[in-house]
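quick one: sequence plus predicted model below, questions after.
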Amino acid sequence: MDPDEIIRLRRDFHRHAEPAFLEIRTSSIVVARLRGLGIEVRRGAEAMRTDGVARYPDAATRERMRGRAVESGADPDLAACAAGEGTAVIAEIAGDRPGPTWGVRCDMDALPLTEATDEDHRPTALGFACQDGFMHACGHDGHTAIGIALAARLSDHDFPGRVRILFQPAEEGGRGAAAMIAAGAADGIDRFVAVHLGLGLPSGLVAGGCEGLLATHKLRAVYRGEAAHASGTPERGRNALVGAASALLNVMALPRYAAADTRLNVGTLHGGDNVNIVPSYAEMTLEARSTDADICDALTARVEGVLRGAAAMHDLTVEIERTGGSTTMTCDRQLVDAIAAIAAEKYGDGRAVALRPLGGSDDASLFAREVQGAGGLATYMLVGGGNRAPHHHPSFDIDEASIPVAVDVLEALLRGTPNGRTQ
């Protein structure tokens, strides 16, 4: 697959962005492309488990997104499977000689974010921005294109071992990897690589691994009180919104830890019915993060204590749910150095580094934990996207020249040769 076709794929995915567990069109395109290459595919219930997933989209939402997918070119049967059983896709490609089993994670989901419409935003100027209230503001459109391009190149089977490309839903919010792991997606993987574009790095700069990947827990808290007339009988009411607001302020006031970096954020708070009604309902979403997994657990427990304390103080009930999460990750130096050496060989020493810091979270860490726990190796490869705006911003975009760089380096790594072809 040549660079122009890879970029056309990325733009198509960008134009039809789909959020977590609703990547129905994206999944259908991936399956159709892989089948066209003669590659073995696992999808739906064979690639992920939907039972136990917190806040999984309801049937009506999945049906609406299925219709949107079909209207924009998805195969109806493939879209029906993705909507009914799950959007994860696993490509299995066998090499022509013995070797390790590789896992390559390529996430597919977009964000519930309205994309910039000004002409300085290149997707808008070139006509491939998404106008449906969703946006690929984290580079996952490029990751999906990378996975398909990598599969196309490896379809000649001229490499040792096996390659398993994991097209993952719902990285945002930290739910998709666990759902795939529950279906056995990580079983038998000896070496694992996640790839990510952008991250404020110069376009085409390749880092063999990252440092500082944060553990995180995502939470949802629902407060319930009692409605009443805000003027006539205010004493009869129990104000769920005030209780949730109290919890918000006290969560953000929690002390940080000396032994590790920590982060707290309340992302949403909704509640109430009308200006003259004591609010009986409020819902909050929030997260805790840390560079240390144990401290993240401890901080999250303190957050939950604050949430319950606010409920008790205002005579409310509260339901707390952990909706997703990920853990820390240490990249194995053997893979880090191998990737950096390939990039230096192809593009020069100035385009290759061993490790770069990453101050975010990614549930690819859960795949890595499974692989490393079984004695395998794992890393998180970064490829600079030259992005002018930060991730999760309405004006986020990547330099598309970085996408073929990622494909070339991964191909060489999996084939076991600096230039990606048997010599």
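Structure's in. What do you need? Just so we're clear, the structure is a prediction, and the values are computed from it rather than from any experiment.

on the three-state scheme, residue 283 is what?
Following DSSP: H, G, I helix; E, B strand; the rest coil, the label given to residue 283 is strand.

can you pull the contacts of it?
Contacts for residue 283 (Cβ atoms under 8 Å, 6 or more residues apart in numbering) come out as 220, 221, 222, 223, 244, 268, 269, 270, 271. To be clear about C-beta, it is placed using only N, CA and C from the backbone, and glycine gets the same treatment.

can you select the buried ones from the residues you listed in PyMOL?
Entered in PyMOL, the line below selects the buried ones among the contacts of residue 283, by 16 or more other Cβ atoms under 10 Å:
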select buried, resi 220+221+222+223+244+269+271
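
which of the contacts of residue 283 sits closest to residue 305?
For the contacts of residue 283, the residue nearest residue 305 by Cβ to Cβ is residue 221; the value is 11.9 Å.

check contacts around the closest one.
So residue 221 contacts 244, 247, 283, 284, 285, 286, 307, 318, 319, 320, 321 (Cβ under 8 Å, 6+ apart).

buried only: go through the residues you listed for me.
Buried among the contacts of residue 221 (16+ other Cβ under 10 Å): 244, 247, 283, 284, 285, 286, 307, 318.

leaving aside the residues adjacent along the chain, what's closest to residue 124?
residue 117 (5.6 Å; Cβ to Cβ, 6 or more residues apart in numbering).

OK, contacts around the nearest residue to residue 290 once chain neighbours are set aside?
Nearest-residue entry for residue 290: residue 296, 3.9 Å, with adjacent residues in sequence omitted and distances by Cβ to Cβ, 6+ apart. For residue 296, the contact set (Cβ under 8 Å, 6+ apart) comprises 214, 215, 216, 217, 262, 288, 289, 290.

again with residue 120
With Cβ under 8 Å, 6+ apart, residue 120 has these contacts: residue 395.

if we can go back for a sec, just the element for the residue nearest to residue 290, please.
Residue 296 belongs to helix 293-313 when assigned by DSSP states H and E.

pull out the buried positions in that helix.
293, 295-296, 298-300, 303-304, 306-308, 310-311.

what's the helix or strand just after it packed up against?
The C-terminal neighbour of helix 293-313 among helices and strands, as given by DSSP H and E, is strand 317-326. Judged by 3 or more Cβ pairs under 8 Å, 6 or more residues apart in numbering; DSSP states H and E, the packing partners of strand 317-326 are strand 215-224, helix 293-313, helix 364-373.

can you add mean pLDDT and distance to residue 157 and give these back as a markdown table?
Compiled in a markdown table, these are given as follows (pLDDT from 0 to 100; distance: least, Cβ to Cβ, whole Å):
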| stretch | mean pLDDT | distance to residue 157 |
| --- | --- | --- |
| strand 215-224 | 98 | 38 |
| helix 293-313 | 98 | 39 |
| helix 364-373 | 98 | 23 |
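
can you tell which of the ones you listed is closest to residue 253?
Per Cβ to Cβ, nearest to residue 253 of the helices and strands packed on strand 317-326: helix 293-313, 8.7 Å.
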